[in-house]
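Colleague: output the structure for:
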Amino acid sequence: MGWLVAHEALNTVDKLISYGMDVDAGCLLCGQTNESLNHLYFACQDKEESFDVLRSKDTGCSFPLVIDLDWWSSRGGTNVQRGVQIALFLGAIYSIWYQRNKCRLDAVLVHPNQIALQVIEGVRNRTRGREKEIKNANDVNWLCHRHLM
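Modeller: Model prediction:
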């Protein structure tokens with residue numbers, strides 16, 4: 001999903017319209033403007049709430065709302081810490097697309113906080129599954145402090 005977003009390869013409504021399809025152009029998540037990749041991931045208010053929860057004090061993680069590979073590769077911290085932050089970010093990218101599709105196909109809208117909590121739980125489960133591999137005490141403390149282990 002991250003690659004598709006970074007390369008603007010998702011079939012958002014603006015692209016479908018440019019292909020000649022007759023679809024409603026509005027963003028189903030916020031209803032405030034037309035759906036485009038830029039809007040869906042970087043301007044939609046509904047999405048903002050999901051990212052805000054992921055960047056909250058509970059996770060203690062911070063990341064930009066852009067796909068900037070230079071920023072991600074220059075991040076401080078250990079490989080485990082960077083990996084967890086990337087997993088949170090990519091989980092949000094996937095979950096927002098999934099929610100958009102669920103809303104479009106099934107007319108079901110999930111609250112942004114629920115989306116974020118699902119992403120956090122997925123990362124937490126993934127981290128717990130690799131608990132024996134994480135030997136650095138700083139990483140264990142970092143994960144425990146963020147309730148990710």
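Colleague: element containing Ala87, please.
Modeller: helix 79-106 (DSSP states H and E).
Colleague: now do Cys30 against Arg128, distance only.
Modeller: 34 Å (Cβ to Cβ, to the nearest Å). Yep, even glycine has a C-beta here, placed from its N, CA and C like the rest.
Colleague: roughly how far out does the helix holding Ala87 sit from the chain middle?
Modeller: 3 Å (Cα atoms, centre = their mean, to the nearest Å).
Colleague: from what I can see Ile134 touches Leu143, true?
Modeller: Yes. Ile134 is within contact range of Leu143, at 7.2 Å (criterion: Cβ atoms under 8 Å).
Colleague: higher neighbour count, the two?
Modeller: Shown here are Ile134 and Leu143; by other Cβ atoms under 10 Å, Leu143 has more neighbours (20 against 16).
Colleague: just the element for that one, please.
Modeller: With DSSP H and E as the test, Leu143 turns up in helix 137-145.
Colleague: could you tell me how many residues sit around Arg104?
Modeller: Arg104 has 15 nearby residues by other Cβ under 10 Å.
Colleague: for it, which non-adjacent residue is spatially closest?
Modeller: Leu28 (5.7 Å; Cβ to Cβ, 6 or more residues apart in numbering).
Colleague: three-state assignment of the one you found?
Modeller: Under DSSP: H, G, I helix; E, B strand; the rest coil, Leu28 falls in the coil class.
Colleague: ok, the residue in the chain sticking out farthest from the centre to Arg104 distance?
Modeller: Centroid-distance maximum for the chain: Gly20 at 29.3 Å, with Cα atoms, centre = their mean. According to Cβ to Cβ, Gly20 stands 18 Å off from Arg104.
Colleague: return the distance of the residue most central in space within the chain relative to Glu133.
Modeller: For the chain, the residue nearest the mean C-alpha position is Ala92 (1.5 Å; Cα atoms, centre = their mean). Look at Ala92 and Glu133: by Cβ to Cβ, they are 24 Å apart.
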